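Visitor: Quick one, fold the following:
(chains A and B)
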Amino acid sequence: GAVVSQHPSWVICKSGTSVKIECRSLDFQATTMFWYRQFPKQSLMLMATSNEGSKATYEQGVEKDKFLINHASLTLSTLTVTSAHPEDSSFYICSARSGLAGPQETQYFGPGTRLLVL
Amino acid sequence: GNSVTQMEGPVTLSEEAFLTINCTYTATGYPSLFWYVQYPGEGLQLLLKATKADDKGSNKGFEATYRKETTSFHLEKGSVQVSDSAVYFCALSDEETSGSRLTFGEGTQLTVNP
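Guide: Below you'll find the model as predicted:
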């Protein structure tokens, strides 16, 4: 099946710094990518939907200026956590969709990036 | 809004035992339903899906039937293996109200002992 990678898999940073997480579709073109956040023993919460070449659509309550998303190509989307604080520590997961929206579409998930802000 | 509720884990079974993980949903439209599995250290993988009422999704011995009358999509397997140990997520996608965005349940940790 299709493969989605994320980099880095682990990142530890100091409070106030910015962290960039990459999400790549390795063997298909992803017109849409999604960014999720997962707290320990909780569900995945959608943060934003990213369409190639256009601005991301953020979910209610997600600060667009804090979580910058760029989807510059059909195989790469980036999430930048700006001025990170300890409460931003979480597991960030991306997914990519290759086809048109509809019941047959499949989202392929990356392995996730664990962020720890000290 | 849309929501998905899964049975609480963790679930611990012996090899060859029968597995049921309950999942119920709330949706305003006509959702598609999914089960995803997350093995340790890996990303979520689609296990099976059903796109309309009474559809049965199946894969790798797992099955789930879309029950509109009970708004449920319970995951079952007749004989689990150690290699089935993972976290299982029930999810829905409602085209009409969420534009293909997935809403996930809390996840259920399954451990199968030899």
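Visitor: Helix or strand next in line after the helix or strand of chain B with the lowest mean pLDDT, which one?
Guide: Of all helical and strand segments in chain B, the minimum by mean pLDDT, DSSP states H and E falls on helix B:95-98, at a mean of 60. Using DSSP states H and E, the next helix or strand after helix B:95-98 towards the C-terminus is strand B:102-104.
Visitor: Point out the other helices and strands that that next one packs with.
Guide: strand A:44-51, strand B:3-6, strand B:86-93 (3 or more CB pairs under 8 Å, 6 or more residues apart in numbering or on different chains; DSSP states H and E). In this view, the C-beta of every residue, glycine as well, is placed from N, C-alpha and C.
Visitor: residues in contact with stretch A:26-33?
Guide: With contacts defined as CB atoms under 8 Å, 6 or more residues apart in numbering or on different chains, stretch A:26-33 is touched by A:2-5, A:23, A:25, A:49-52, A:71, A:74-75, A:77, A:94-98, A:101, A:108.
Visitor: one more time with 10 Å
Guide: A:1-5, A:23-25, A:48-53, A:56-57, A:69, A:71, A:73-79, A:94-101, A:105, A:107-108, A:110, B:99-101 (CB atoms under 10 Å, 6 or more residues apart in numbering or on different chains).
Visitor: Show me where the chain dips below the pLDDT cut-off.
Guide: With no chain named, the answer covers chain A. Across chain A, the ranges flagged by pLDDT under 70 are A:1, A:99-105.
Visitor: looking at chain B here, not the other one
Guide: B:95-100.
Visitor: Can you get me a residue count around residue 50?
Guide: If you meant another chain, say so; for now it's chain A. Neighbour count for residue A:50, taken as other CB atoms under 10 Å in any protein chain shown: 25.
Visitor: that answer is for a different chain, and I need it for chain B
Guide: 22.
Visitor: What residues are bridge-paired with it?
Guide: According to DSSP bridges, the residues that bridge with residue B:50 are residue B:33.
Visitor: residues in contact with it?
Guide: Contacts of residue B:50 (CB under 10 Å, 6+ apart): A:103, B:31-35, B:56-58, B:63-67, B:73.
Visitor: Buried deepest among the helices and strands packed on strand B:102-104, which one?
Guide: Most buried of the helices and strands packed on strand B:102-104, by mean neighbour count (mean count of other CB atoms under 10 Å in any protein chain shown): strand B:86-93, with a mean of 24.
Visitor: What angle do strand A:44-51 and it make with each other?
Guide: Here strand B:86-93 runs at an angle of 60 degrees relative to strand A:44-51 (axes from the mean of the first three to the mean of the last three CA atoms, to 10 degrees).
Visitor: Only whichever of the contacts of stretch A:26-33 are buried, select them in ChimeraX.
Guide: Remark: buried members of those, expressed as a ChimeraX selection using 16 or more other CB atoms under 10 Å in any protein chain shown:
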select /A:4,23,24,25,48,49,50,52,56,57,69,71,74,75,76,77,78,79,94,95,96,97,98,107,108,110 /B:100,101
